[in-house]
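[1] what follows is a predicted protein model with its sequence.
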Amino acid sequence: MLKTCNLAAATAMLVAFAAPVLADPLPSWNEGESKSAIIAFVEDVTDPASEKFVPQQDRIAAFDNDGTLWAEQPVYFQGLYALDVLKVKSVADPSILSSDVLKGAANGDMEAAMSKGVEGLLEIINISHSGMSVDQFQSETHEWVSTATHPTTGMHYVDMTYQPMVELLSYLRDEGFSTYIVSGGGAHFIRAFAEEAYGIPPENVVGTEGETKYEEQDGKPVLMKHGGVTFIDDKEGKPVGIDRHIGKRPIFVAGNSDGDFAMLEYATSGEGPAFGLIVHHTDAEREFAYDREGHIGVLSKGIDEAEKRGWLLVDMKNDWSRIWTGKK
C-alpha cells in the first residue's frame, strides 16, 4: 500500500512538472487592470462555455494606426514621407510649388507646412503621392520607413511601432481574431509595411484612398496614382470604411484620438460583447505626452466619455513596460 501511494505521489509530481507553463501573451504590458481587462474579454469571447462566446468568424478586431500602433509626433509619418518626396520633386520641377504651404514644406518649414492643418497636409500629399504606379509608391514607401530616421528619436520609422500593441495583435490572432487596420492614413502607404510590422496583410488595411486609375504603360497594365482624395477614412468615415471593406462590425477596436471616437462608438454599440480601447499618450520621457491640445492626435471627448461607455483608457506610462519594437 505504501509503495502504491509513493508511486501515485511520484506520478502526480511528474505530471505537475511536465505540465506546460503558459506563456504571458502580453509580456510588455504591466500587470494591472488594463492587461487583466483585455485578457478577461478575450477569454470570455473565445470560451464556448461562456455566455459571451463569439464564433471565430465574427471575431473582428480593428485598430487605428497613427498614435495607436506607431507614433504620430511631431506630425503623421506619412506627412514626413510626403515632405521628403516633395523636396526631391521640387528640385526637378519647381513649378509644383504653387502655394505657400508647398513652398514652406519644400524648404523644411514645418510651421508653414502645417499652417492650414489637415487641408495643407492633403495638399502636400496630393503633389507628392501622384504620378507613379501603386507598385512604385509602395516600394519607395517601404524603403523610406525602413531607412529614414525620425527627427527627434533618430530611430527608423518602422522601429517606432509599439511593442505592446504588436503583442496585442498577435494575441488576438492566436485566439481566432481577424485583425484589421482602419486608419485615416493612406491605404497604399500603410499596406507597404503593415504585414512586416504588424502581421496584418494588405487586404486587411482600410485607409484613406486617393484617385487611382488602371492604365497601360509601355504595353503593360498598371495602377497609377493621380493624387486627390476619393475617400477619407477618418472620424465618421471610419465606420463607413469598415462597412465598405470588412462588412462586419468589429467586437474589438482600438484608437488613440477623437478621430477614432465614431469607430469606437460604432463597434461597441452593437449587440453582444465588444471591447473599446484608447491609447492615452502619457509618457513624455519614453515617447510623447499629449491629449486635449495639439495639432494632431487630440484626445478630449474620448477621455471624458471612456468610463461611462466602458472603454479602456490605456495609460502608456503606467501600463506599458516597453514602448518601441526597435529598442527597450
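    Perfect, I can see it now. Residues are numbered from 1 along each chain as shown.
[2] doesn't residue 126 make contact with residue 229?
    Yes - with contact defined as C-beta atoms under 8 Å, residue 229 reaches residue 126; the gap is 7.4 Å. Quick note: C-beta positions are derived from backbone N, CA and C, even for glycine.
[3] confidence score at the nearest residue to residue 270 once chain neighbours are set aside?
    Spatial nearest neighbour of residue 270, excluding adjacent residues (C-beta to C-beta, 6 or more residues apart in numbering): residue 249 at 4.6 Å. Turning to residue 249, the model gives it a pLDDT of 98.
[4] gap between residue 249 and residue 268?
    9 Å (C-beta to C-beta, to the nearest Å).
[5] and the gap between the residue nearest to residue 270 and residue 259?
    Distance, residue 249 to residue 259, by C-beta to C-beta: 19 Å.
[6] the two: who's more crowded?
    residue 259 (25 against 20; other C-beta atoms under 10 Å).
[7] let me see the contact set for the more buried one.
    By C-beta atoms under 8 Å, 6 or more residues apart in numbering, residue 259 lies in contact with 64, 184, 234-235, 238, 298.
[8] in stretch 23-38, what counts as buried?
    Neighbour-count burial for stretch 23-38 flags 25-26, 28-29, 34-35, 38 (criterion: 16 or more other C-beta atoms under 10 Å).
[9] show me where this structure dips below the pLDDT cut-off.
    For the chain, residues meeting the criterion pLDDT under 70 lie at 1-21, 328.
[10] looking at the buried residues of stretch 23-38, which one is closest to residue 103?
    Closest approach to residue 103 among the buried residues of stretch 23-38 (C-beta to C-beta): residue 28, at 42.8 Å.
[11] that closest one: what's it in contact with?
    163-164, 167, 320-322.
[12] let's go with 10 Å and repeat that
    Each residue near residue 28 by C-beta atoms under 10 Å, 6 or more residues apart in numbering is listed here: 35, 162-168, 319-325, 328.
[13] surely residue 303 meets residue 290?
    No - between residue 303 and residue 290 there is no contact under C-beta atoms under 10 Å: 11.7 Å.
[14] who has more neighbours out of these two?
    Counted by other C-beta under 10 Å, residue 303 and residue 290 do not tie: residue 290 has more neighbours, with 20 against 14.
[15] ok, the one residue sitting closest to the centre of the chain to residue 28 distance?
    Nearest residue to the geometric centre of the chain (C-alpha atoms, centre = their mean): residue 65, 2.2 Å. Residue 65 sits 19 Å away from residue 28, going by C-beta to C-beta.
[16] again, but for residue 167
    Distance of residue 167 to residue 28, given as C-beta to C-beta: 6 Å.
[17] can you check residue 261 too?
    For residue 261, the distance to residue 28 (C-beta to C-beta) stands at 26 Å.
[18] mind splitting this protein into its structural domains?
    Following automatic domain parsing, one finds the domains of the chain at 33-75+134-319, 79-122.
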